[in-house]
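Asks: Need coordinates for the following:
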Amino acid sequence: MSGVVSGRAAGLVGSVLAALALAVATIAPWEGKRNEPYRDPIGILTVCYGETRVPMRRYTDAECTAMLESGAAGFMEGVRRRNPGIVEYPHQWAAHTSLAYNIGQSAYDRSSVARLFAEGRQVEACRFMNRFVYAGGKKLRGLERRRAAEVELCLKDAR
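Replies: Got it, this is the predicted structure:
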């Protein structure tokens, strides 16, 4: 019995690590990295990889990377809390995490993406990400491209 439990635990750890690596790799290029604080397209003060929840000061590359990894892990946990079954699907988990990182945890928790996944409508949930392309009431080409990448990642293990 302990072999089954430890095998299952190892599988979960592998899923967590895979999803985190995919999420970080997805988030980083879309957020971009600036070590100095700047205003994002809708005027929100931001630093490093789109971080808004830290003191606005200059950060080193290592600090930005650590912040991204920690932030992604936190959003990943929030996505798991909202939809526990997502741990079985590392590509979807990473895509949902990237979306949550970008729109915020509470917006993700209320989203149709999260609801559709919870209802077992995985493909629809993935495709619904394409609706999150507005910021400040404006449709942004960068968000359209980001969502297309998230949908592509999400669909890799959607059923």
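Asks: From here on, just use CA atoms for contacts and neighbour counts.
Replies: OK.
Asks: which residues in this protein form strands?
Replies: 34-39, 45-48, 134-135, 138-139 (DSSP state E).
Asks: residue contacts, the spatially closest residue to Gly71 that is not a sequence neighbour?
Replies: Spatial nearest neighbour of Gly71, excluding adjacent residues (Cα to Cα, 6 or more residues apart in numbering): Tyr101 at 7.7 Å. With contact set as Cα atoms under 8 Å, 6 or more residues apart in numbering, Tyr101 has these partners: Ile27, Gly71, Ala72, Phe75.
Asks: Swap in 10 Å and give it another go.
Replies: 23, 27, 31, 50-51, 68, 71-76, 78-79, 95, 108 (Cα atoms under 10 Å, 6 or more residues apart in numbering).
Asks: Counting neighbours, which of these comes out on top?
Replies: Ala23 (30 neighbours; other Cα atoms under 10 Å).
Asks: what's the distance between that one and Arg57?
Replies: To Arg57, Ala23 is 25 Å away according to Cα to Cα, to the nearest Å.
Asks: Nearest to Ala125, out of the strands of the chain?
Replies: With Cα to Cα as the measure, strand 134-135 is the member of the strands of the chain nearest Ala125 (17.8 Å).
Asks: strands paired with that closest one, and their directions?
Replies: strand 138-139 (antiparallel) (DSSP bridges).
Asks: tell me the mean pLDDT over the strand it pairs with?
Replies: Per-residue pLDDT over strand 138-139 has a mean of 94.
Asks: what's it in contact with?
Replies: Pro41, Ile42, Arg131, Phe132, Val133.
Asks: do the same with stretch 33-46
Replies: The contact list for stretch 33-46, computed with Cα under 10 Å, 6+ apart, reads 31, 47-61, 63-65, 68, 135-138, 140.
Asks: Okay, buried residues for that stretch please.
Replies: Lys33, Arg34, Asn35, Pro37, Tyr38, Thr46 (16 or more other Cα atoms under 10 Å).
Asks: Straight-line length of it, end to end?
Replies: 10 Å.
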